[in-house]
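Q: Next input, structure requested:
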Amino acid sequence: MNIQQRMIRFITRSNWYIFCVITLLGFINMPRQFALGILCGGLIVTLNFHALEHTLKRAFKNSSQIVAAGGSILRGVVFKYYIRFLLSGVMLFLLISRNIVDPLGLIAGLSVVVASFFAATTLELTRLIIKEAV
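A: Numbers count the residues shown, from 1 in each chain. Just a heads-up that it's a prediction; the model follows:
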C-alpha cells in the first residue's frame with residue numbers, strides 16, 4: 001500500500017475517532033451549547049469529507065464512460081462540491097443564527113478533519129524519518 005492510500009485510510013478512520021473523542025469530552029467537560037457545537041460541526045465536516053471521497057471515487061471509476069459521452073468529470077465533481085458547500089453554509093448559518101450552538105464549539109467540531117490531516121501527516125513524516133535513519 002502506497003503512502004497516499006495509507007494516508008486516506010488513516011484520515012477516514014481517524015475522523016470518526018477524533019470526532020467521538022472530542023464530542024464525548026465536550027459533553028463531559030463543557031456547557032451543553034458548546035458540546036452541541038462540537039457535535040454539529042464534527043458531523044457536518046466528517047460527513048462532507050466522506051461524501052467528497054465517495055464522489056471522487058465514483059467519478060474516477062466511471063471516468064471512461066463520462067468522457068466517451070462527451071462529458072467532463074470535473075464539472076460533475078465541482079457541481080456536487082458546490083452543492084455540499086452551499087448546504088453546509090446554510091446549516092452553519094441556521095445553527096449560529098438561531099443560537100442553537102456555541103460558535104467556538106462549532107469551530108472546534110469543524111476542525112476534526114484538519115486534526116486528522118495533521119495526525120496523518122505527522123505519522124507519515126515520522127515513518128519516513130525513521131526509515132531513513134535506519
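Q: Now the helix or strand containing Leu25: average pLDDT?
A: Under DSSP states H and E, the secondary-structure element containing Leu25 is helix 3-29. When pLDDT is averaged along helix 3-29, the result is 93.
Q: cool, stretch 83-91 as well?
A: Confidence over stretch 83-91 (mean pLDDT, whole number) is 96.
Q: count of neighbours near Val90?
A: When counting by other C-beta atoms under 10 Å, one arrives at 10 neighbours for Val90. Just so you know, the C-beta spots here come from the backbone N, C-alpha and C atoms, and that holds for glycine as well.
Q: who are the neighbours in contact with it?
A: Shown here is Val90, which makes no contacts under the criterion C-beta atoms under 8 Å, 6 or more residues apart in numbering.
Q: buried stuff in the strand or helix carrying Leu43?
A: Assignment of secondary structure by DSSP H and E places Leu43 within helix 32-61. Applying a neighbour-count criterion of 16 or more other C-beta atoms under 10 Å, one finds 34-42, 44-46, 48-49, 55, 59 buried in helix 32-61.
Q: tell me what it is packed against?
A: Under the contact definition 3 or more C-beta pairs under 8 Å, 6 or more residues apart in numbering; DSSP states H and E, helix 32-61 sits against helix 3-29, helix 73-97, helix 103-110, helix 112-133.
Q: Can you tell me which of those helices is packed in deepest?
A: helix 103-110 (a mean of 20; mean count of other C-beta atoms under 10 Å).
Q: now that one and helix 112-133, what's the angle there?
A: Relative orientation of helix 103-110 with respect to helix 112-133: 40 degrees, computed using axes from the mean of the first three to the mean of the last three C-alpha atoms, to 10 degrees.
Q: per-residue confidence at Ala68?
A: 58.
Q: before we move on, back to that, from the buried residues of helix 32-61, pick the one nearest Val101.
A: Taking C-beta to C-beta as the measure, Val101 sits nearest to Gly37 out of the buried residues of helix 32-61, at 3.7 Å.
Q: Would you check that the closest one makes contact with Asp102?
A: Yes - using C-beta atoms under 8 Å, Gly37 makes contact with Asp102 at a distance of 4.5 Å.
Q: thinking again about what came up before, now, which of the buried residues of helix 32-61 sits nearest Leu92?
A: Ile44 (7.1 Å).
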